[in-house]
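sequence unknown, structure follows:
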């Protein structure tokens, strides 16, 4: 039974994942220089890659995805009310995405629908070491517009979560307008830097957003290194914490570092047998925010994040099965 203890509005790219395990030869041939990152492509290039996969005997599997969607579903499963502010196409993928989000407990009334663009897709190429390289066609998500933001999208929200991917929208006013509306309404903001490619291209814009609007910032080690210009975890964290009250840098198998309440805390990783890293960072963030919205200290917030991230790594795809959630819910709630 979901308690809806808080309401979180998430604004992000609504993406249907095409998950497929591939070998290193395929990655070297098709994604030279793009491994481990997000590569933005037109629909024709993504279709070409899928065709090449099928020709070589690889079979993609469809699943709901998108960083913000994965995070919101995690919070829904833990008992929070959620709604997704995102754009879908009027196609089968859009119906699939909307319905699977609703099945997880998420609110669907803030979805917008583009009359002619297809729903966004992400080809998630999973290598033998369980890392993933993403090839994304944003589709309808690229058409997110500032004039599509309604007052009801933030009504009653205890938190706005959004992502760096929105820096690259055609309407560059969308993200600053949304952040300004949240600030004016007194709604705290959490922000995912999204990918090191996004940080590289929009570093100055991101610095402005973090310094003026964001309360909680998340980055993995590649994104934080790109942002800070250093590979030292403490220095990476410091560069983010100078701009935001709460900063978290995810270090993969090395755990994470968090700056919160004026303290720096190292969080140990949770043991896991890696199967697929898709969505692991998103669920880490969902766990951290679950603790943060329940006023837990940084050690607990980070620990919950590690537990959910490890669960994601141990399963195929970004959405955990109900059997996993039945084990996770009591364990996580007992930590508060």
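Right, received. Where do you want to start? What you are looking at is a predicted structure, and each value in this text was computed from that prediction instead of being measured.

nearest residue to residue 306 other than its sequence neighbours?
Leaving aside its chain neighbours, residue 306 sits nearest to residue 270 (4.3 Å; criterion: C-beta to C-beta, 6 or more residues apart in numbering). Any C-beta I mention is one placed from the backbone N, CA and C, and that applies to glycine too.

what distance separates the start and the end of stretch 254-273?
In stretch 254-273, first residue to last residue: 14 Å (C-alpha to C-alpha, to the nearest Å).

Quick check: buried residues in it?
Of the residues in stretch 254-273, 255-260, 265, 267, 269-270, 272 count as buried by neighbour count, 16 or more other C-beta atoms under 10 Å.

go on, stretch 95-113?
Buried, per 16+ other C-beta under 10 Å, within stretch 95-113: 96-98, 100-101, 104-107, 110-112.

Among the residues you listed, which are located in strands?
111-112 (DSSP state E).

Which one of the buried residues of stretch 95-113 is nearest to residue 306?
For the buried residues of stretch 95-113, the residue nearest residue 306 by C-beta to C-beta is residue 104; the value is 21.6 Å.

I'd like to know how far the residue lying closest to the closest one once chain neighbours are set aside sits from residue 312.
Nearest residue to residue 104 in three dimensions, chain neighbours excluded: residue 73, at 4.2 Å (C-beta to C-beta, 6+ apart). To residue 312, residue 73 is 11 Å away according to C-beta to C-beta, to the nearest Å.

related to what we said a few turns ago, list of residues touching the helix or strand containing the residue nearest to residue 104?
Following DSSP states H and E, one finds residue 73 within helix 67-77. Helix 67-77 is contacted from outside by 2, 8, 10-15, 64, 82-84, 86, 97, 101, 104-106, 161-163, 165, 192, 194, 279, 281-283, 285-287, 289-290, 308, 318-320, 325, 328-329, using C-beta atoms under 8 Å, 6 or more residues apart in numbering.

need the strands for the stretch 51-200 of the chain, in chain order.
61-65, 81-89, 111-114, 120-126, 132-137, 159-163, 189-192 (DSSP state E, counting those that start in this stretch).

Give the other helices and strands that the fourth one contacts.
Helices and strands touching strand 120-126, as assessed by 3 or more C-beta pairs under 8 Å, 6 or more residues apart in numbering; DSSP states H and E, comprise strand 15-21, helix 43-55, strand 132-137.

before we move on, what about the third one?
Packing partners of strand 111-114 (3+ C-beta pairs under 8 Å, 6+ apart): strand 81-89.

now the strand it packs on: mean pLDDT?
Mean per-residue pLDDT for strand 81-89: 97.

got a list of what residue 107 touches?
By C-beta under 8 Å, 6+ apart, the contact set of residue 107 is 81-84.

Looking at these, state which has the most neighbours.
residue 82 (30 neighbours; other C-beta atoms under 10 Å).

Can you tell me how far it is from residue 298?
In terms of C-beta to C-beta, residue 82 sits 23 Å off from residue 298.

which residue is nearest the centroid of this protein?
residue 67 (2.3 Å; C-alpha atoms, centre = their mean).

mind checking how far it is from residue 193?
10 Å.

got a pLDDT number for the nearest residue to residue 65 once chain neighbours are set aside?
Using C-beta to C-beta, 6+ apart and skipping the chain neighbours, the partner closest in space to residue 65 is residue 17 (3.3 Å). Listed pLDDT for residue 17 reads 92.

So residue 17 is in contact with residue 282, correct?
No. Using C-beta atoms under 8 Å, residue 17 is not in contact with residue 282, being 11.5 Å away.

Between these two, which contacts overlap?
residue 318.

Could I get the contacting residues of the closest residue to residue 37 other than its chain neighbours?
Leaving out its chain neighbours, the residue that sits closest to residue 37 by C-beta to C-beta, 6+ apart is residue 197, at 5.4 Å. By C-beta under 8 Å, 6+ apart, the contact set of residue 197 is 37-39.
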